[in-house]
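**Q** Need a 3D model of the following:
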Amino acid sequence: MKIVYLFLTILALSGCTTQKVSYTQLAHRQMNQFAQEMEGEKKFILSGCGGAMMDCISEFDLDFESPYPLRLTIPEARELIIEFTERFKDEVNSNEEIRPYLCIFPINQNNIRMELSFWETPRKLVSQEFVAHAWLREGRIYYTFFDHEQGKFSGKCFKESYEEALKLVHKN
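**A** Take a look at the predicted model:
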């Protein structure tokens with residue numbers, strides 16, 4: 001009987017040590033790798049990441065903060081969010097390790113939530129003539145502006161489809 005218990009204990013312990021990397025870990029590894037690239041190349045810092053990963057990876061969510069100060073117009077912010085999104089999309093689609101865990105392959109802009117925040121200084125968003133946030137959600141890009149006098153985002157919000165923005169970026 002002691003031998004049976006010993007055998008079961010060894011079997012249980014050996015099973016715990018050969019565990020595979022989960023697909024959520026692969027997704028986070030992919031996002032962190034991309035964040036390191038963007039920090040090195042563009043000086044953007046990852047402020048949050050996640051996604052929708054219940055049974056498979058259906059969405060990636062990445063939030064970045066700009067270096068200080070970064071004052072961009074809508075066309076400049078558009079170019080940057082398109083660049084980030086296209087590059088991340090290409091990196092995910094070319095990663096053969098993560099591919100089997102994607103709900104949809106190849107992923108597209110509808111599977112990515114990307115947010116870029118533009119700061120004047122730490123804790124102070126850029127003034128309202130410049131884009132404070134640009135974000136991609138469900139195939140649409142939104143640009144918002146911050147009113148420092150009122151201490152909140154102004155009612156001014158510009159939005160466009162991802163396809164429209166992509167055409168404008170490639171046109172230039």
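
**Q** residue closest to the middle of this structure?
**A** Leu62 (2.1 Å; Cα atoms, centre = their mean).

**Q** Next, the buried residues of the longest strand along the chain.
**A** Secondary structure of the chain per DSSP state E: the longest strand is strand 152-161. Neighbour counts over strand 152-161 (16 or more other Cβ atoms under 10 Å) mark Glu160 as buried. For the C-beta atoms, the positions are set from N, CA and C on the backbone; glycine is no exception.

**Q** and the closest residue to Val169 other than its chain neighbours, what is it in contact with?
**A** Once flanking residues are discounted, Val169 sits nearest to Ile82: 4.7 Å by Cβ to Cβ, 6 or more residues apart in numbering. Ile82 makes contact with Tyr162, Ala165, Leu166, Val169, according to Cβ atoms under 8 Å, 6 or more residues apart in numbering.

**Q** Where does Ile82 sit: helix, strand or coil?
**A** helix (DSSP: H, G, I helix; E, B strand; the rest coil).

**Q** Local confidence estimate at it?
**A** At Ile82, the predicted lDDT confidence score is 98.

**Q** Same question for Phe64.
**A** According to the model, Phe64 scores 97 on pLDDT.

**Q** one step back: need the contact partners of the longest strand of the chain.
**A** Under Cβ under 8 Å, 6+ apart, the answer for strand 152-161 is 74, 78, 128, 132-133, 139-147.

**Q** Buried ones in the helix or strand harbouring Glu86, by neighbour count?
**A** Take DSSP states H and E as the rule and Glu86 turns out to sit in helix 74-94. Using 16+ other Cβ under 10 Å as the test for burial, helix 74-94 gives Ile74, Ala77, Arg78, Glu79, Leu80, Ile81, Ile82, Phe84, Thr85, Phe88, Lys89, Val92.

**Q** want to throw the residues you listed into a markdown table with distance to Cys103?
**A** Shown next, in a markdown table, are the buried residues of helix 74-94 (distance: Cβ to Cβ, whole Å):
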| residue | distance to Cys103 |
| --- | --- |
| Ile74 | 32 |
| Ala77 | 29 |
| Arg78 | 28 |
| Glu79 | 29 |
| Leu80 | 27 |
| Ile81 | 23 |
| Ile82 | 23 |
| Phe84 | 22 |
| Thr85 | 18 |
| Phe88 | 16 |
| Lys89 | 15 |
| Val92 | 12 |
